[in-house]
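Enquirer: one predicted model, sequence on top.
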Amino acid sequence: MAVASTKAAPSEEESSAGPGGDVDVRLVGVSKHYGDVAAVHGLDLEVKRGEFFTFLGPSGSGKTTTLRMIAGFEEPDTGRVELGGKDVTGQPPYDRSVNTVFQDYALFPHMTVGDNVAYGLRVKGVGKEERRKRATEALATVRLGGYESRKPNQLSGGQQQRVALARAIVNEPQVLLLDEPLGALDLKLREQMQVELKAIQAQVGITFIYVTHDQDEALTMSDRIAVFNEGGVEQIGPPTEIYERPQNAFVAGFVGVSNLLERDGKRFTVRPEKISIIENGSAPKGLHVEEGTIKDVSYAGMITRYLVDLEAGGELQIVRQNLETTSAEVQAERGRKVKIGWRAEQTVAVEGEEEGK
């Protein structure tokens, strides 16, 4: 496995922004050890004001530990944590202008939805009328207007997640931290909430830092993504840059299907949707062509995934959209010899080893 870099190379966007941009969160040389295990080591990171910034990585990569250090639930062994340019290292969570939404919504079952949302304001000593007004506004923001008098057990999982979100944003934190908040939802509701969560973030304008191991979730919602691995960050950039131009084999393998090949001593990756199966005739000009055999086929509704063994060595996954193809016709493709091709500009040279190898 590739050794995690402690400071990712800046993306094109970061380079053009320069050092003078507004920054809500800055980590400088942050490390955290648990016994002999380095959960995070020498991490430098900046999150800009108003960003939807995602920490993406496998379990144990350091993303949740980093989030907890920003929140104040963990104290770094070395380095400092800054919020809005102020060093908050060592400050308790209640002295930081942050709120955290967890996968476990932790709603008070005996309280109404309105009282759950207003609870933080009550602790701060905000008056009753002001609490009610702000709780109502927060619930309207998460599309739960009129639900104030219900109890949590009268809500669906998605609605409870929105209540937890409203409870966080009602306090108007400088930064909202979200630790895999959609993990308990079913797939369809999770996909719906991804879109809604991004829309809510754009509406309220609060900086969101989101932790997930789900690549699709990260690509769907984020302004920028930090790909974590072994306590460091391999790459930071917008979703298109992370997916289309991975800086090493780990990022290519973790974010999507990497299709890592080696030809003429050079290692590169090409995404499944960039590869064509050449049917009935010669290949279009400029296409790199190889021959192989379809090893496996998976019909997935809108698309079919083909696994092709190449005669020159290696195997590739290819994705084709299903137009009028049936599942029976797809299964008959197994074992067929094919020609496949891709364009040179659709490949990305990579270093290091793939995730999981």
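Expert: Happy to help now that I have it.
Enquirer: residue 296: helix or strand, and which one exactly?
Expert: strand 287-300 (DSSP states H and E).
Enquirer: I should have written residue 131 there, sorry.
Expert: Residue 131 belongs to helix 128-141, assigned by DSSP H and E.
Enquirer: gap between residue 327 and residue 175?
Expert: 47 Å (CB to CB, to the nearest Å). All C-beta spots, glycine's among them, are computed from the backbone N, C-alpha and C.
Enquirer: quick check: closest non-adjacent residue to residue 149.
Expert: Nearest residue to residue 149 in three dimensions, chain neighbours excluded: residue 112, at 5.4 Å (CB to CB, 6 or more residues apart in numbering).
Enquirer: buried residues in stretch 305-324?
Expert: For stretch 305-324, a neighbour-count test (16 or more other CB atoms under 10 Å) marks 305-308, 316-320 as buried.
Enquirer: double-check residue 76 against residue 28; I have them as touching.
Expert: No. Judged on CB atoms under 8 Å, residue 76 makes no contact with residue 28 at a distance of 9.7 Å.
Enquirer: higher neighbour count, the two?
Expert: Higher neighbour count among residue 76 and residue 28: residue 76, with 21 against 17, using other CB atoms under 10 Å.
Enquirer: which element is the spatially closest residue to the more buried one that is not a sequence neighbour on?
Expert: In this structure, residue 76 finds its nearest non-sequential neighbour in residue 30, 4.7 Å apart by CB to CB, 6+ apart. Using DSSP H and E, residue 30 maps to strand 23-34.
Enquirer: got the angle for the helix or strand following that strand vs strand 23-34?
Expert: The helix or strand immediately downstream of strand 23-34 is strand 37-48, counting by DSSP H and E. If you take axes from the mean of the first three to the mean of the last three CA atoms, to 10 degrees, strand 37-48 sits at 180 degrees to strand 23-34.
Enquirer: what lies in contact with strand 37-48?
Expert: With CB atoms under 8 Å, 6 or more residues apart in numbering as the contact definition, strand 37-48 has outside contacts at 6-7, 17, 21-33, 53, 62, 65-66, 69, 76, 78-79, 175, 207, 209, 226, 231-233, 236.
Enquirer: again, 7 Å this time
Expert: 6-7, 21-33, 53, 62, 65-66, 207, 209, 226, 231-233 (CB atoms under 7 Å, 6 or more residues apart in numbering).
Enquirer: thank you, goodbye.
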